[in-house]
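Student: Model the structure of this input:
(chains A, B, C and D)
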Protein chains: 2
Amino acid sequence: MPNDYRLDDQVGYKLRLATQRHLEIFSRHLSDVTPTQFSILARLYEVGETSQNQLGRLVAMDAATTKGVIARLLEKDLVEARADPNDLRRLQISLTDAGRSLTIDAIEKARKITEDTVANLTGRDVKRLLELLDKM
Amino acid sequence: MPNDYRLDDQVGYKLRLATQRHLEIFSRHLSDVTPTQFSILARLYEVGETSQNQLGRLVAMDAATTKGVIARLLEKDLVEARADPNDLRRLQISLTDAGRSLTIDAIEKARKITEDTVANLTGRDVKRLLELLDKM
DNA sequence: AAATAAATGTTTGCATACTAATGATATAGC
DNA sequence: GCTATATCATTAGTATGCAAACATTTATTT
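Tutor: From the prediction side, this is the model:
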């Protein structure tokens, strides 16, 4: 009989709770884009124009997922897409001017988001948490 | 210029990666239900019949989200619902026989899932990680 | 005690993200 | 040059999450 199993003590469960909390904080500070969309924007800001697939890889997203996220960013006119003349399969993605300025602004807000998310932890704790998540 | 912002070092980003990894492991071991569905089942196993809303609260889910998860479990005949005669708003949820035996089985698999998820961490690390996630 | 107000439980509709399967173009090996 | 394989992107289907709406119960007021 599995009466010694504690759902509340499982990594997966706690991960969900932590993520939930983070999402809530995120949307409070930054309601224009989701965390997923933000990571695409931030990476794009970092690396400049890239193909859709490549971009997805740079933020650890499935090609299909990336497609959807990009589609939403296109609709908001934050990024633009053009066919790569050298490789007709590729779709080159880049920030629009609006996208760039929103991203710069969002990055500042993102600092605050991270800060709030780990508000209950000491600096040492945060470092450890990041290490452990990494190691995992 | 925000060129000192490192997406890869943000808690939110790392949380997403960790969750991703966990989901992958979960579905490999347990393809019948999702982690969300499992947590409902596990909790239901623990507490017996409860109202839909209450159940959601017990696993930290929105009422609307809970409704959706329960709907899928109903379709799979893992849980059953009946109206509470004392309070017509309430929907009492309980495990079916099939649900109960699947849950017992799933809990055993869940142990393995947790084990695999934290395979790269020492026992001490795991304890610390759980504490940090909690504290957060 | 009836009427109104507030709280609680559930449902609906919509947005986001993820997966598996498919189609299109490019590259490598023969 | 031709076939096989790999890469890039898309489509269709499912799951989760939130905001708003609706129904029933409980509390408050008259």
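Student: Can you give me every residue that contacts the residue of chain A found nearest DNA strand D?
Tutor: Closest to DNA strand D within chain A is A:N53: 2.6 Å, counting by C-beta to the nearest atom of the strand. Just so you know, the C-beta spots here come from the backbone N, C-alpha and C atoms, and that holds for glycine as well. Counting by C-beta atoms under 8 Å, 6 or more residues apart in numbering or on different chains, A:N53 touches A:A63, A:T66, A:R90.
Student: That one: which element?
Tutor: Using DSSP states H and E, A:N53 maps to helix A:52-58.
Student: near DNA strand C, anything from that helix?
Tutor: No: applying C-beta under 7 Å from any atom of the strand, one finds helix A:52-58 out of contact with DNA strand C, separated by at least 9.0 Å.
Student: burial count for the nearest residue to A:D116 once chain neighbours are set aside?
Tutor: Nearest residue to A:D116 in three dimensions, chain neighbours excluded: A:I25, at 5.0 Å (C-beta to C-beta, 6 or more residues apart in numbering or on different chains). Neighbourhood size, A:I25 [other C-beta atoms under 10 Å in any protein chain shown]: 18.
Student: pretty sure A:I25 is touching A:T117, no?
Tutor: Yes: under the criterion of C-beta atoms under 8 Å, A:I25 makes contact with A:T117 at 5.4 Å.
Student: Which elements pack onto the lengthiest strand in chain A?
Tutor: Secondary structure of chain A read by DSSP state E shows that its longest strand is strand A:87-95. In terms of contacts (3 or more C-beta pairs under 8 Å, 6 or more residues apart in numbering or on different chains; DSSP states H and E), strand A:87-95 is packed against helix A:35-47, strand A:50-51, helix A:52-58, strand A:79-84.
Student: residues contacting A:Q37?
Tutor: A:V69, A:R72, A:L73.
Student: And for A:L17?
Tutor: A:L17 neighbours (C-beta under 8 Å, 6+ apart): B:A60, B:L133.
Student: roughly how far apart are it and A:L41?
Tutor: 26 Å (C-beta to C-beta, to the nearest Å).
Student: Give me the distance from the helix or strand containing A:D105 to the chain's centre.
Tutor: In the assignment (DSSP H and E), A:D105 maps to helix A:97-117. On the basis of C-alpha atoms, centre = their mean, to the nearest Å, helix A:97-117 sits 12 Å off its chain's mean C-alpha point.
Student: what does that helix rub up against?
Tutor: Applying C-beta under 8 Å, 6+ apart, the contact partners of helix A:97-117 are A:21-22, A:25-26, A:29-30, A:32-33, A:38, A:41-42, A:44-45, A:73, A:77-79, A:95, B:1-2, B:5, B:10-12, B:136.
Student: Could you check the angle it makes with strand A:87-95?
Tutor: Interaxial angle, helix A:97-117 versus strand A:87-95 (axes from the mean of the first three to the mean of the last three C-alpha atoms, to 10 degrees): 70 degrees.
Student: Alright, I will stop here.
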